[in-house]
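Colleague: structural data only, the sequence is not supplied:
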């Protein structure tokens with residue numbers, strides 16, 4: 001047994017042995033508190049003295065034992081403190097927070113493992129280094145070292161704990177937010193000793209805080225965006241949340257608003273109600289039952305609010321209530337007006353000249369008087385529960401489905417039909433029906449408004465016949481007009497060259513009568529040329545008339561053969577170029593392919609090209625340019641004749657390919673013509689299964705583009721339709737004939 005505990009036990013035993021008999025023998029006298037004589041008092045003092053001596057001995061041994069214990073503890077203090085330091089270091093290194101200690105000169109003396117891992121420091125290499133030196137060791141730390149110095153200076157400046165929240169760029173594209181605490185440490189004399197830094201990564205917390213703040217903003221915006229005033233309270237009737245509309249609806253002043261107490265709100269709201277006590281009793285009742293309650297509040301100023309109180313539940317317990325207030329004044333007034341006017345509407349429906357039917361599930365549940373008359377019934381009973389829609393030939397399900405689809409698509413759907421309805425008496429009536437879906441006692445009903453259009457149909461048929469007759473009259477008049485214009489134009493076209501020929505013959509006769517033929521040879525030659533040109537002009541006109549008539553009669557045959565289209569276009573263009581030079585018009589030829597084989601009728605292609613060139617020359621002036629081009633694209637050959645002449649007005653582009661139609665119909669027009677040329681060209685192009693189009697801007701020229709399919713004829717077809725290509729002399733003759741009306 002340990003000696004100190006032995007001494008304590010001996011001293012305690014002695015004290016008990018000394019004091020116990022004294023208490024046993026004289027306890028009753030002490031309890032009474034009265035001593036009988038002096039000797040007894042002396043005896044008591046002696047016994048007390050012995051007890052005090054024993055007590056002092058007890059305290060002596062107790063003190064000796066405590067001193068022994070203290071000495072033993074001091075002997076084991078060194079190893080104990082060493083163990084505590086290891087535990088403390090383990091705790092610091094185990095925390096995810098960043099912890100480090102600098103001396104007053106800014107040298108790092110201690111850094112925990114979280115910092116070593118974050119910045120990649122060596123476990124022993126950092127000691128004694130400053131921020132700049134550590135920044136050279138770690139690029140990541142270099143990004144934050146500047147702020148570390150700033151925060152240290154502020155902590156020393158404050159002389160006490162300095163706390164800041166900052167976002168640090170740890171690496172490229174990586175940012176972290178830290179809650180940083182700087183604690184400066186001073187010596188007893190007040191000199192700076194060092195600074196302890198604790199930095200906690202609160203990036204996730206800040207992100208959650210931002211999300212929560214965003215959600216709160218969305219919730220607040222949602223509450224303020226609703227058309228209802230919203231109030232949320234707890235069971236103690238304290239306001240948890242309320243939107244702006246709630247306070248605006250009740251005009252709650254700031255002193256009541258700032259109380260955040262629903263009871264105060266109710267007291268203020270009561271002043272605005274017609275039945276304030278009923279409203280207050282209803283509000284108090286809602287807190288007793290966890291169910292949704294409804295109340296219609298009427299205000300003194302005539303407004304009406306629809307009030308709903310819904311329990312706010314959490315894990316099956318009611319923790320408050322959500323109140324919603326909606327201004328239904330306009331709706332209630334509209335309902336009242338609707339109710340007041342219901343009889344007027346009934347009267348209007350009954351007096352309507354149109355038949356009105358309402359059908360549910362194929363059975364008619366309503367018909368006005370016009371409907372009874374239209375169906376040839378004796379009364380409503382003859383129509384009630386009958387399938388009138390069948391008589392009108394309307395499918396109720398189709399109308400309903402159309403209406404529902406229209407609602408989904410945001411459209412208003414109505415089904416309008418014109419047909420005949422079979423009356424109950426067997427007669428038929430022309431009607432027009434407009435159907436739509438309407439609600440009726442929780443079901444979908446079809447309402448049809450039916451109008452008797454028999455008279456209108458008769459008028460429409462009569463009008464249609466009149467329109468047809470008027471159309472025939474207009475076509476006849478137009479035809480007569482065109483025919484009159486054509487014969488007048490033909491008369492002019494025939495009369496002009498004949499007059500010139502007759503005049504020239506008279507000049508011939510005068511020269512012959514004078515018998516001075518040798519001296520008048522040049523005149524005779526010029527007069528002969530004039531006669532030839534006008535004969536060619538008559539020949540061209542008659543040839544075109546005969547040709548267009550043969551095309552209409554189907555007598556014109558196609559002699560298809562594989563030709564070099566480039567050769568045909570170049571040959572005709574070169575021959576026409578000589579004529580253009582004499583008129584002062586410049587010809588440009590742009591033929592991309594050297595050779596372009598195509599199945600065509602060469603004579604008709606030449607006629608097409610000559611007609612387009614003649615047309616271009618007529619409407620160009622001296623110094624203008626005519627461009628002829630040939631190219632191929634997407635299995636088609638394109639022939640273009642473009643000029644820089646006067647162009648074609650937009651309103652005339654549609655009629656220039658019509659037969660006998662001309663842009664200028666007057667007899668004093670600058671260019672002669674019968675109005676057949678472009679119509680003939682269009683017919684010949686279409687016989688080649690091609691197309692022709694015009695691009696023109698008035699005052700800037702025109703371009704005619706012929707598109708022909710690139711195809712080749714087989715050998716048998718070529719043998720059957722072989723022809724010799726046009727010679728140069730024949731080409732000149734055709735040009736002279738085609739250009740004969742150009743002076």
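Modeller: Received, thanks. The structure presented is a predicted model; accordingly, all values stated were derived computationally and were not measured.
Colleague: list of residues touching the helix or strand harbouring residue 365?
Modeller: Here residue 365 is covered by strand 363-367, with elements defined by DSSP states H and E. Strand 363-367 is contacted by residues 355-359, 375, 380, 383-389, 440, 445 when judged by C-beta atoms under 8 Å, 6 or more residues apart in numbering. The way it works is simple: take the backbone N, C-alpha and C, and place the C-beta from them, glycine included.
Colleague: and of the residues you listed, the nearest to residue 229?
Modeller: Distance to residue 229 across the contacts of strand 363-367 (C-beta to C-beta) is lowest for residue 440, with 34.4 Å.
Colleague: buried only: go through the contacts of strand 363-367 for me.
Modeller: 355-359, 375, 383, 386, 388-389, 445 (16 or more other C-beta atoms under 10 Å).
Colleague: so of those, which ones are in strands?
Modeller: Within the buried ones among the contacts of strand 363-367, residues falling in strands by DSSP state E are 355-359, 445.
Colleague: closest to residue 281 among those residues?
Modeller: Taking these together and measuring to residue 281 by C-beta to C-beta, the closest member is residue 445, at 42.4 Å.
Colleague: check contacts around that closest one.
Modeller: Under the criterion of C-beta under 8 Å, 6+ apart, the neighbours of residue 445 are 358-360, 365, 437-439.
Colleague: top of those residues by neighbour count?
Modeller: With neighbours defined as other C-beta atoms under 10 Å, the most crowded of these is residue 359; it has 26 neighbours.
Colleague: do I have it right that it meets residue 450?
Modeller: No. Assessed by C-beta atoms under 8 Å, residue 359 is found out of contact with residue 450, at 11.7 Å.
Colleague: any regions of the stretch 451-600 of the chain where pLDDT drops low?
Modeller: For the stretch 451-600 of the chain, the stretches with pLDDT under 70 are 478-495, 512, 514-521, 523, 533.
Colleague: now the strands: where do they sit in it?
Modeller: For the stretch 451-600 of the chain, the strands defined by DSSP state E, counting those that start in this stretch occupy 561-564, 586-591, 597-600.
Colleague: doesn't residue 439 make contact with residue 360?
Modeller: No. Using C-beta under 8 Å, residue 360 makes no contact with residue 439, being 10.5 Å away.
Colleague: report how many residues lie close to residue 364.
Modeller: So residue 364, with other C-beta under 10 Å, has 22 neighbours.
Colleague: from residue 342, how far off is it?
Modeller: 21 Å (C-beta to C-beta, to the nearest Å).
Colleague: repeat that for residue 704.
Modeller: For residue 704, the distance to residue 342 - C-beta to C-beta - is 73 Å.
Colleague: between the two, which one's more packed in?
Modeller: residue 704 (23 against 10).
Colleague: who does the strand holding residue 365 pair up with?
Modeller: Partners of strand 363-367 in the sheet, by DSSP bridges, are strand 355-360 (antiparallel).
Colleague: state the mean pLDDT of the strand it pairs with.
Modeller: The predicted model assigns strand 355-360 a mean pLDDT of 84.
Colleague: related to what we said a few turns ago, reformat the ones in strands among the buried ones among the contacts of strand 363-367 as TSV; add distance to residue 694.
Modeller: Output for these, formatted as TSV (distance: C-beta to C-beta, whole Å):
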residue	distance to residue 694
355	57
356	58
357	58
358	61
359	60
445	60
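Colleague: and those residues, which is closest to residue 570?
Modeller: residue 355 (77.6 Å).
Colleague: OK, contacts around the closest one?
Modeller: 367-368, 370-371, 373-375, 449-452.
Colleague: now a PyMOL select for only the buried ones of those.
Modeller: Only the buried entries of the contacts of residue 355 go into this PyMOL selection, using 16+ other C-beta under 10 Å:
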select buried, resi 367+368+370+371+374+375+449+450+451+452
